[in-house]
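K.L.:
model this:
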Amino acid sequence: MAIMHGKASKYLIRLDKMYRVAAYTLLVFTIGSALFGFLKNFKINTTIVGLIVLIILWAPLFWLVLRMYKKYLSESDKYHRGRKGEGAIWYELQKLNNQYHVYQDAVIKGNQWNIDFIVLGPKGLFVVEVKSHTGNITYANNTLLLNGKPFEKDFLSQIKKQETGLSKFLKSQLGKDIKIQPVIVFSHKWATMHFGMNPVSNSGVYVVQKRLLNKLINSAQQVFSLNDISKIGEQLEKLVV
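P.N.:
Residues are numbered from 1 along each chain as shown. Okay, the predicted model is just below:
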C-alpha cells in the first residue's frame, strides 16, 4: 500500500453556499416578522399592508434566495462530482506498493492553483490532475475535446503549468532539475478515450482512464534511488498540510 500524505482539498464550496442560502433565508423572515410586528403595534390593517409588503419586499428577497439556491445546487453538483472523482483516484493510488508516496492537494506558495496528486516512487515523479467528466475524450489542434467540443478549460495547459511550477520549486530546493511526468486521469467509468499508454501528441502529457493509472506509473522508465526519493519527498512534504 502506498504511503499517503496530506488531506483532501480545502475548498468547501458546498458548505459555504449552504451557509449563504441559510443566512439570506433568515434575513427574509427576520425583516418580514419585524415589519408585521411594527404594523400590528400601530394597529394598521396588516392584511392589506402585509400584501403590499410581500410584493415590494418579500417577493424580491425570495427571488434572490431562490436564485442563490439554484446556483448553489449547480456548484454543489460540480463540487461533489469533483470530490468523488478525487476520492476514487485516492483509493486507486493507494493500491501502489509501499515504495510509493502520494501527496494530495499540494500547494506551491505564490501560485493560485493546487495539484490534486503528486506521486513519488522508484519509477519517477508524477503530477496527477483528476477530471470527473463523462463522454468521449479526443484530441485535435493541440486541444482535448469532450464529445467533439473543447472542455471548459484547457486541461493540457493547466497541468503543464503545474509541472513547470513543481519543477521550479524542486530546483530551488535541491539545486538540480527533476524530471516530472504530467498525467490527466478521468475517474468516471463512462469517460472513454483511445490514447492507450502513450502521451497525447507532442504535449508529453498522458491522458488515461482510472484503470490504467497505476499501470502507467509502474511502467515508467525513470529510476529513482531510495536517496532520491528521500530528498525529493522531504521537499514535497512542505507542500501539503
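
K.L.:
hey, let's count contacts and neighbours off CA atoms from now on
P.N.:
Will do.

K.L.:
how's this structure carved up into domains?
P.N.:
Recorded structural domains for the chain (assignment: automatic domain parsing) are 3-7+97-239, 13-77.

K.L.:
looking at those domains, which one has the lowest mean pLDDT?
P.N.:
When these are ranked by mean pLDDT, domain 13-77 comes last with a mean of 58.

K.L.:
ok, the residue nearest to Val241 when sequence neighbours are not counted to Gly85 distance?
P.N.:
By the measure of Cα to Cα, 6 or more residues apart in numbering, the closest residue to Val241 outside its immediate chain neighbours is Gly6, 5.2 Å from it. Distance from Gly6 to Gly85, counting by Cα to Cα, to the nearest Å: 17 Å.

K.L.:
with Asp154 instead?
P.N.:
Shown here: Asp154 relative to Gly85, a distance of 19 Å by Cα to Cα.

K.L.:
out of those two, which sits in the more crowded spot?
P.N.:
For Asp154 and Gly85, the more surrounded residue by other Cα atoms under 10 Å is Gly85, and the numbers stand at 20 against 13.

K.L.:
so Val127 makes contact with Ile180?
P.N.:
Yes - counting by Cα atoms under 8 Å, Val127 touches Ile180, with 7.0 Å between them.

K.L.:
residues near Ile89, how many?
P.N.:
Around Ile89 there are 25 residues (other Cα under 10 Å).

K.L.:
secondary structure element for it, which one?
P.N.:
Element membership of Ile89, judged by DSSP states H and E, is helix 59-94.

K.L.:
over to Glu163?
P.N.:
Assigned by DSSP H and E, Glu163 belongs to helix 155-174.

K.L.:
output the contacting helices and strands for that helix.
P.N.:
Taking 3 or more Cα pairs under 8 Å, 6 or more residues apart in numbering; DSSP states H and E as contact, the helices and strands that helix 155-174 lies on are strand 124-131, strand 143-146, strand 181-186, helix 226-236.

K.L.:
adding distance to Lys109 and mean neighbour count, write the ones you listed out as JSON lines.
P.N.:
Converted to JSON lines, the helices and strands packed on helix 155-174 look like this (distance: least, Cα to Cα, whole Å; neighbours: other Cα atoms under 10 Å):
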{"stretch": "strand 124-131", "distance to Lys109": "17", "mean neighbour count": "23"}
{"stretch": "strand 143-146", "distance to Lys109": "28", "mean neighbour count": "19"}
{"stretch": "strand 181-186", "distance to Lys109": "20", "mean neighbour count": "24"}
{"stretch": "helix 226-236", "distance to Lys109": "12", "mean neighbour count": "15"}
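
K.L.:
among those, which comes closest to Asp116?
P.N.:
Judged by Cα to Cα, the one of the helices and strands packed on helix 155-174 that comes nearest to Asp116 is strand 124-131, at 5.5 Å.

K.L.:
mind listing what's buried in the next helix or strand after the closest one?
P.N.:
Later in the chain than strand 124-131, the nearest helix or strand by DSSP H and E is strand 135-140. Neighbour-count burial for strand 135-140, counted by 16 or more other Cα atoms under 10 Å, picks out Ile137, Thr138, Tyr139.
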